[in-house]
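**Q** Provided below are the primary sequence and the corresponding predicted coordinates.
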Amino acid sequence: MAAYPRKELEEMVDLWLSANKKAEQEGDWISNLSALYTEDAEYSWNMGPNREFIASNRQQIEEWALGAHMEGFEKWRYPYEKILIDEQLGEVIGIWRQVAPVKREDGSEYEVAGLGGSWFRYGGDFKWCWQRDFFDLDNAKSMFMELAADGKLDASVKQRLSKLAKGQQLPGVYPLHTEPAFAKKCWGLLVMIRIVLFGK
C-alpha cells in the first residue's frame, strides 16, 4: 500500500466528515457520499455469525450500502468521536456513535450502546477504495426493539424486519457459511414475534 502525505489524508477526512454532516441534515446519503469512493471500491460489514454485507464497486455502494440498507436511517446521526490516521499505509479509522432522530419522553436520546467505527483505505484523488464498518449488532437490535416498543421505529425498518421473517434478504448480504436450517427457522420466528408484538 502506498504512503500518502498526511495533509492530503487530513483533507480527505475533513471532506468526509463534512459530507456526513450534510447527509444527516438532508437525509440523503447517496448524493453526499457516493462520489467519495473509487469506481472499484469495496464496502463491507458483518451482520452476525452467519451473514456478511459486501458491496464490490461504487454502483453497489450507492444502491445497496447508501441506498437499500439506509432506508429508515436517513435522519440518524453518526457523530465521529475519534479519528486515527496512518499516512504510511494510507488508512484511517473513525470511531462513531449511532443516534436515532427521535427522543424518549424524558428528552433523552435513543442511542445504540457502545461505539461503532469505520476502517478506511485511501485510494487517492480524495476517494476511499475500501471501507469496513464494525459495530455491536446485539446493541443495535436492542435499540430497535426499544424504539418499536415505544412506537417510534421507522415504518421502513419494520418492513425490513418483515422481509427477514419471510426469509428475504437485502441486496449484498452473503452467507459466511451454510447456516443450519433450524437456526434459520428460529431467526425467522424471533423476527415474526417481534413484528407481531410491535407492529408491521
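**A** Great, that's in hand. Numbering: from 1, shown residues only.

**Q** most residues in a single helix of the chain, which one?
**A** Across the chain, the longest stretch assigned as helix under DSSP state H is helix 6-26.

**Q** Check the offset of it from the chain's centre.
**A** Relative to the centre of its chain, helix 6-26 is centred 17 Å away, using C-alpha atoms, centre = their mean, to the nearest Å.

**Q** where do the strands sit along this protein?
**A** Ranges of strands within the chain are 37-46, 51-55, 80-86, 91-96, 99-103, 109-111, 116-122, 128-134, 173-175, based on DSSP state E.

**Q** Parallel or antiparallel, which strands does the third one pair with?
**A** In other words, strand 80-86. strand 91-96 (antiparallel) (DSSP bridges).

**Q** List the buried residues in the strand it pairs with.
**A** Residues 91, 92, 94, 96 are the ones in strand 91-96 that count as buried (16 or more other C-beta atoms under 10 Å). Yep, even glycine has a C-beta here, placed from its N, CA and C like the rest.

**Q** Touching it from outside, list them.
**A** The contact list for strand 91-96 (C-beta atoms under 8 Å, 6 or more residues apart in numbering) reads 1, 9, 12-13, 16, 78-86, 115-122.

**Q** where does this structure have its least confident helix or strand?
**A** helix 181-198 (a mean of 52; mean pLDDT, DSSP states H and E).

**Q** picking up where we left off before, can I have the buried ones of the contacts of strand 91-96 as a PyMOL selection?
**A** Typed into PyMOL, the line below selects the buried ones among those, using 16+ other C-beta under 10 Å:
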select buried, resi 9+12+13+16+78+80+83+85+86+116+117+118+120+121+122
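
**Q** and residue 18, how many residues sit next to it?
**A** 11 (other C-beta atoms under 10 Å).

**Q** Read off the pLDDT value for it.
**A** On pLDDT, residue 18 comes in at 98.

**Q** from the buried residues of strand 91-96, which is closest to residue 102?
**A** residue 96 (18.9 Å; C-beta to C-beta).

**Q** For residue 20, see how far away that closest one is.
**A** 9 Å (C-beta to C-beta, to the nearest Å).

**Q** which neighbours do the two share?
**A** In contact with both residue 96 and residue 20: 78, 80, using C-beta under 8 Å, 6+ apart.

**Q** show me the contacts for residue 156.
**A** So residue 156 contacts 71, 72 (C-beta under 8 Å, 6+ apart).

**Q** Same question for stretch 126-146: list its buried residues.
**A** 127, 128, 129, 130, 131, 133, 135, 139, 143, 144.

**Q** Kindly reformat the residues you listed as TSV containing pLDDT and distance to residue 30.
**A** What follows is the buried residues of stretch 126-146, written out as TSV (pLDDT from 0 to 100; distance: C-beta to C-beta, whole Å):
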residue	pLDDT	distance to residue 30
127	98	15
128	98	15
129	98	19
130	98	19
131	98	15
133	98	17
135	96	21
139	95	26
143	93	24
144	90	23
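
**Q** Grab the nearest non-local neighbour of residue 104.
**A** residue 110 (6.5 Å; C-beta to C-beta, 6 or more residues apart in numbering).
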